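Engineer: sequence first, predicted coordinates after that:
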There are 2 protein chains.
Amino acid sequence: MTEKSRPLRADAARNRARVLQVAYETFAEEGAGVPIDEIARRAGVGAGTVYRHFPTKESLFQAIVADRLRQIVEWTRAQAAADPGEGLYAFLFQMAEQGATDLGLTEAFAGSGFDLAAALPDAEKEFTGMMTEILTQAQRAGTVRPDLDAADIKTLIVGLQAMRRFRGDSELMRRVYPVIRAGLAVPDSAETSTREPRT
Amino acid sequence: MTEKSRPLRADAARNRARVLQVAYETFAEEGAGVPIDEIARRAGVGAGTVYRHFPTKESLFQAIVADRLRQIVEWTRAQAAADPGEGLYAFLFQMAEQGATDLGLTEAFAGSGFDLAAALPDAEKEFTGMMTEILTQAQRAGTVRPDLDAADIKTLIVGLQAMRRFRGDSELMRRVYPVIRAGLAVPDSAETSTREPRT
DNA sequence: TCCTAACCGGAACGAGCGCCCCGATTATAT
DNA sequence: ATATAATCGGGGCGCTCGTTCCGGTTAGGA
């Protein structure tokens, strides 16, 4: 391991923190495609300063996504501990809201020119592991149909985020989210796949 | 109105048709972001030839999207005529498949840097009208819950396409699509919004 | 066959953006 | 206060891509 490099100079540390904060907000608003110059401008520094702290635009983006994933894992674990049956639904709704508030995260999640598992294998594994946990919990509690796995949930999240971004008003989420939730509930009969129209 | 301009020279007409065909395939594969040079290369013409027939990259993209929308409207009307109760579901599944086969259409639909209603008002109106028709039909047939409108369906399509693009294998659609379908079905009780976990 | 207007290809231009470089500036130890 | 090494800012390079331009080529009527 490289020894802990000597502490940053005071101004450098301040700038680094400011860049991280501003980059998070900017990626959230504009997505991963925003120019580095825009982030630098908003942070009140030069582009060179951004590149001194993060060797690449992609590395800056990754740092922020990793942070964000960790926050979500923590938040979700707390929710699921309080109510195992509802944990998954709280998580799904929360992730859907990210579609409206954090475009960068949404792009990273949907894999738009960014391979999450390849770029951040540890964060991705922890996230997927957490998803498996709360899904299993909910299935044990009987609030989610048993024929679904974590990959299915991930797919649903991508869909929910796309829908949430498509319609900016949360009103529509109040109309469409219940449809998803109803579909995730345990079916009445034993039949779990396509259902015939009732006669 | 400008009188019908004199017919194109034979080679020009051939090139125009070839560009349209190749552009459709290329936009479908790579999305609206593909360079014009790539389309020209695949069509075996120069970039100048593309621009002679379509003044702008966007106008070429629009022409193709409009065509595609018309095809889908026609196909869906035929399906719905054959089975009013299933028409909407056939349409939804078909649109979901576009997520895997036509990236350009998917981007146009989701409004990724492209305002469908503003760019192609006529095609968009016809498409939305058709959606309203088949939704009403299905609701009358009792196969779809009555508290949804065309805007909700449009939102669901955006979500389905994002999901379908996320996971290339149709296996996953076989797992997730039934969840959506179950959610769209008429609920057993009169309750149509959020449902409490059963006790 | 021959003429000419229409058409063709691809070089070139300008704008946007990731990233690097270097002279000027500033924090900090002495 | 001063020296010095870290840091700063922003101009510049190289590349991509949309769009235009123009010298050469060809379709098609006379």
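Structural biologist: On my side now, so go ahead. Numbers count the residues shown, from 1 in each chain, chains lettered A, B, ... in the order given.
Engineer: what does chain A put close to DNA strand C?
Structural biologist: A:9-11, A:33-37, A:47-48, A:51, A:55-58 (CB under 7 Å from any atom of the strand). (C-beta placed from N, C-alpha, C; glycine too.)
Engineer: mean confidence for stretch A:37-46?
Structural biologist: Average pLDDT, stretch A:37-46: 98.
Engineer: could you do stretch A:80-93 as well?
Structural biologist: 98.
Engineer: ok, back up a step: give me the ChimeraX select line for the residues of chain A next to DNA strand C, limited to the buried ones.
Structural biologist: Those of the residues of chain A next to DNA strand C that count as buried under 16 or more other CB atoms under 10 Å in any protein chain shown are selected in ChimeraX with:
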select /A:34,36,57
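Engineer: near DNA strand D too, which of the residues of chain A next to DNA strand C?
Structural biologist: A:9, A:11, A:47-48, A:51.
Engineer: pull out the buried residues from the longest helix along chain A.
Structural biologist: Counting by DSSP state H, the longest helix found in chain A is helix A:57-82. For helix A:57-82, burial by neighbour count (16+ other CB under 10 Å) applies to A:57, A:60-66, A:68-69, A:72-73, A:76, A:79-80.
Engineer: before we move on, what about stretch A:174-182?
Structural biologist: Buried, per 16+ other CB under 10 Å, within stretch A:174-182: A:175-182.
Engineer: of those residues, closest to DNA strand C?
Structural biologist: Nearest to DNA strand C, judged by CB to the nearest atom of the strand, of those is residue A:176 at 32.5 Å.
Engineer: and the closest one, what does it touch?
Structural biologist: A:163, B:152, B:155-156, B:159 (CB atoms under 8 Å, 6 or more residues apart in numbering or on different chains).
Engineer: so which strand or helix has the closest residue to residue A:52 other than its chain neighbours?
Structural biologist: Leaving aside its sequence neighbours, residue A:52 sits nearest to residue A:12 (CB to CB, 6 or more residues apart in numbering or on different chains; 7.9 Å). For residue A:12, the element it lies in under DSSP states H and E is helix A:10-30.
Engineer: what's the next secondary structure element after that helix?
Structural biologist: helix A:36-43.
Engineer: give me the angle between that following helix and helix A:10-30.
Structural biologist: 120 degrees (axes from the mean of the first three to the mean of the last three CA atoms, to 10 degrees).
Engineer: pull out the buried positions in helix A:36-43.
Structural biologist: Neighbour-count burial for helix A:36-43 [16+ other CB under 10 Å]: A:36, A:39-40, A:42-43.
Engineer: got a list of what the residue of chain A found nearest chain B touches?
Structural biologist: Nearest to chain B in chain A, going by CB to the nearest CB, is residue A:183, at a distance of 2.9 Å. Contacts for residue A:183 (CB under 8 Å, 6+ apart) come out as B:178-184.
Engineer: relative to DNA strand D, which of these is nearest.
Structural biologist: For those, the nearest to DNA strand D is residue B:180 (34.1 Å; CB to the nearest atom of the strand).
Engineer: buried sites along stretch A:166-175?
Structural biologist: A:166-167, A:172-173, A:175.
Engineer: also stretch A:133-140?
Structural biologist: Going by 16+ other CB under 10 Å, stretch A:133-140 has these buried residues: A:133-139.
Engineer: residue contacts, residue A:105?
Structural biologist: A:28, A:65, A:68, A:98 are the contacts of residue A:105 under CB under 8 Å, 6+ apart.
Engineer: is it true that the first one touches residue A:97?
Structural biologist: No - with contacts defined as CB atoms under 8 Å, residue A:28 does not count as touching residue A:97, sitting 12.0 Å away.
Engineer: what pLDDT does the spatially most central residue of chain A get?
Structural biologist: The residue lying closest to the centre of chain A (CA atoms, centre = their mean) is residue A:105, at 5.2 Å. You'll see residue A:105 listed with a pLDDT of 98.
Engineer: buried sites along the one helix or strand it maps to?
Structural biologist: Assessed by DSSP H and E, residue A:105 sits inside helix A:103-110. Residues of helix A:103-110 classed as buried: A:103-110 (neighbour count, 16+ other CB under 10 Å).
Engineer: ok, of the residues you listed, which one's closest to DNA strand D?
Structural biologist: The closest of the buried residues of helix A:103-110, once distances to DNA strand D are taken by CB to the nearest atom of the strand, is residue A:107, at 18.0 Å.
Engineer: from residue A:39, how far off is that closest one?
Structural biologist: 16 Å (CB to CB, to the nearest Å).
Engineer: widest-spaced pair of the buried residues of helix A:57-82?
Structural biologist: Using CB to CB, these span at most 34.6 Å, a distance reached by A:57 and A:80.
Engineer: once you drop chain neighbours, what's closest to the residue of chain A closest to chain B?
Structural biologist: Per CB to CB, 6+ apart, closest to residue A:183 is residue B:183, 2.9 Å.
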